[in-house]
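Asker: Structure of the sequence below:
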Amino acid sequence: MRKVAIIGAGSIVFCKTLMLDIMATPELEETEFALMAPSTSKTSQVKAFADKVIEKNGLKSKVTITTDRREALAGASYVIVSFQVGGVSAFELDYKIPLKYGVDQCIGDTLGPGGVFRALRSIPVILDVARDMEELCPNATLLNYVNPMAMVCWALGETNIQYVGLCHGVQTTLDLVSGYVGVPKQEIDYVSAGINHMGWFTKLSHRGRDLYPELREKFEQPEFYVNEKVRGEVFRHFGYFMTESTGHLSEYVPWFRKNSKALDTYCDEPSFGGESGAYYNWCTYVADKYKNQDILKDESYDLPPRSVEYCAYIIEALETGKTFKFSGNLRNNGMISNLPNECCAEGPVFADRTGLHRTLVGEIPPQCAALNLTNINVQRLAVLAAKSGDPETVVQALALDPLTSSVLTLKEIRDMATEMMDAQRQWLPQFSGRSPRPTPTIRIPENVKRAEVPIDPALAVFSRFGELAK
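Answerer: Numbering: from 1, shown residues only. As a prediction, this is how the structure comes out:
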């Protein structure tokens, strides 16, 4: 019986979905699920539900729960990770402190101050998981659902384990494209490549017919444009459609959330359509609503069809050799030739009995790569900060963030980073006793006497032209 360890199994609905997907796959029926979370308050609910599904459907699966990560990992064939360090309490600080400084986030889990600090909390834990896997289940495959996906998988790419990062942005965006162009989703041929939450559909076609002309025409019509104003606007100016919603994309670029005019113009749709704090507010609502409830008590014990999540299909492919193609997040290593080798890239991946195989996409359009690189710059420094515990690198990561840098000065960014770090000390052990160095504003007296220093060459040329003009 293969063992699947789920680290972060307290995410009840998501954990249930992945388990049912695996149980609904005939070749994976004999699976032991080892559910691990810091407490058993939620995993016990998942186990009770899963046991009833197993009994009703006559399955050969088995479910155990534990609070010991090493116990869960020992002998595992597959490791699914879906934890959130600090939970809603940390998320509140990710959202509210930047907002006080003027950085308005809708989602806050991928880039920006929220994404960077989520990475600082998550990467040390995921690296501990990887080290335990190297010892306890060195041949296992890790399937990562922890955000920020690109930063977490960048860190995993520097370990020795086999892993892949999974997101559902590509398949859900194809639903949207299908609706816009009136072509069934399963009949659309596509190539999506870039980075997580900013992948680009470099090809969209139906039976050899390019779908882009029709999609471009639709986005010039107000009734279509209004549904995805940020994604539509980037599409109109950069030429390619990408994989994330308006709420997400508005945080990864400098144009849509930097002031009230931009927010009112592009981010005025409710919830994930751009609303301030939409994801935090939703998480708070769900946590409060179901705090003392068993949210699975009224769920059906019938085994449903598999969901759109890739996880079960990948495990099936690795176990049986039945090839499965999906969009995965891996260390680039040449997959996209005009992005850095060491970054985490998202592109076509094939799974079969011999493992996970990236597709060599080649170059993506240069303007698309350029936008990816603005995010990759932040990712690189955030990963380095998470591993090194250097608070200066945190400041520098945030200073390069497109949204943050469009709103704040360097001094304001440093102050914000310091306040966020002080507020989150309990989840940031690698920064123990360390803070960004103070850089007070230098006050210049009205009649300051300038020091005798060499004049800047450009100023010297300008000054000389002034003298000649006289």
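Asker: wait, residue 76 sits on residue 4?
Answerer: Yes: Residue 76 lies in contact with residue 4 (CB atoms under 8 Å); the separation is 6.7 Å. No exception for glycine: its C-beta is placed from N, CA and C like everyone else's.
Asker: Now the common contact residues for the two.
Answerer: Residues touching both residue 76 and residue 4 by CB atoms under 8 Å, 6 or more residues apart in numbering: residue 34.
Asker: Quick one: neighbours of the nearest residue in space to residue 388 that is not next to it in sequence, just the number.
Answerer: Spatial nearest neighbour of residue 388, chain neighbours left out: residue 430 (7.7 Å); criterion: CB to CB, 6 or more residues apart in numbering. By other CB atoms under 10 Å, the residues close to residue 430 number 16.
Asker: Please settle this for me: is residue 430 part of a helix?
Answerer: Yes: under DSSP: H, G, I helix; E, B strand; the rest coil, residue 430 falls within a helix.
Asker: Run through the residues that contact it.
Answerer: Neighbour list for residue 430: 120, 124, 386-389 [criterion: CB under 8 Å, 6+ apart].
Asker: Quick check: it vs residue 96, distance?
Answerer: Residue 430 sits 23 Å away from residue 96, going by CB to CB, to the nearest Å.
Asker: shaky segments in the stretch 101-250 of the chain?
Answerer: For the stretch 101-250 of the chain, no stretch has pLDDT under 70.
Asker: Any buried residues in stretch 89-100, and which?
Answerer: For stretch 89-100, the neighbour count (16 or more other CB atoms under 10 Å) marks 90-95, 97-99 as buried.
Asker: How about stretch 434-444?
Answerer: Quick answer for stretch 434-444 (16+ other CB under 10 Å): residue 436.
Asker: Check the offset of the helix or strand that contains residue 417 from the chain's centre.
Answerer: Assigned by DSSP states H and E, residue 417 belongs to helix 410-423. Distance of helix 410-423 from its chain centroid, counting by CA atoms, centre = their mean, to the nearest Å, is 22 Å.
Asker: for it, what is the average pLDDT?
Answerer: Across helix 410-423, pLDDT averages out at 98.
Asker: Just the C-alpha atoms of that helix, please, in CSV.
Answerer: Provided in CSV are the C-alpha atoms of helix 410-423 (Å, rounded to 0.1, in the frame of the first residue of the first chain):
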residue,chain,number,x,y,z
LEU,A,410,12.8,53.8,0.2
LYS,A,411,12.6,55.2,3.7
GLU,A,412,8.9,54.3,3.9
ILE,A,413,9.6,50.8,2.6
ARG,A,414,12.2,50.2,5.3
ASP,A,415,9.9,51.5,8.0
MET,A,416,7.1,49.2,6.8
ALA,A,417,9.4,46.2,6.6
THR,A,418,10.7,46.8,10.1
GLU,A,419,7.1,47.1,11.5
MET,A,420,6.0,43.9,9.7
MET,A,421,9.1,42.0,11.0
ASP,A,422,8.6,43.2,14.6
ALA,A,423,4.9,42.2,14.4
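Asker: All the helices of the stretch 51-200 of the chain, in order from the start?
Answerer: Under the criterion DSSP state H, counting those that start in this stretch, the stretch 51-200 of the chain contains helices at 69-73, 87-101, 112-136, 149-156, 169-181.
Asker: Report the buried residues of the longest one.
Answerer: For helix 112-136, burial by neighbour count (16+ other CB under 10 Å) applies to 112-127, 129-130, 132-133, 136.
Asker: And the last one, by the same measure?
Answerer: For helix 169-181, the buried set under the neighbour-count rule, 16+ other CB under 10 Å, comprises 169-171, 173-174, 176-178, 180-181.
Asker: and for it, what are the contacting residues?
Answerer: 184-185, 188, 190, 192, 196-197, 199, 201, 204, 206, 211, 214-215, 218, 224, 228, 241-244, 308, 327.
Asker: Would you list the buried entries among those residues?
Answerer: For those, a burial check counting by 16+ other CB under 10 Å picks out 188, 190, 192, 196-197, 199, 201, 204, 206, 211, 214-215, 218, 228, 241-244, 327.
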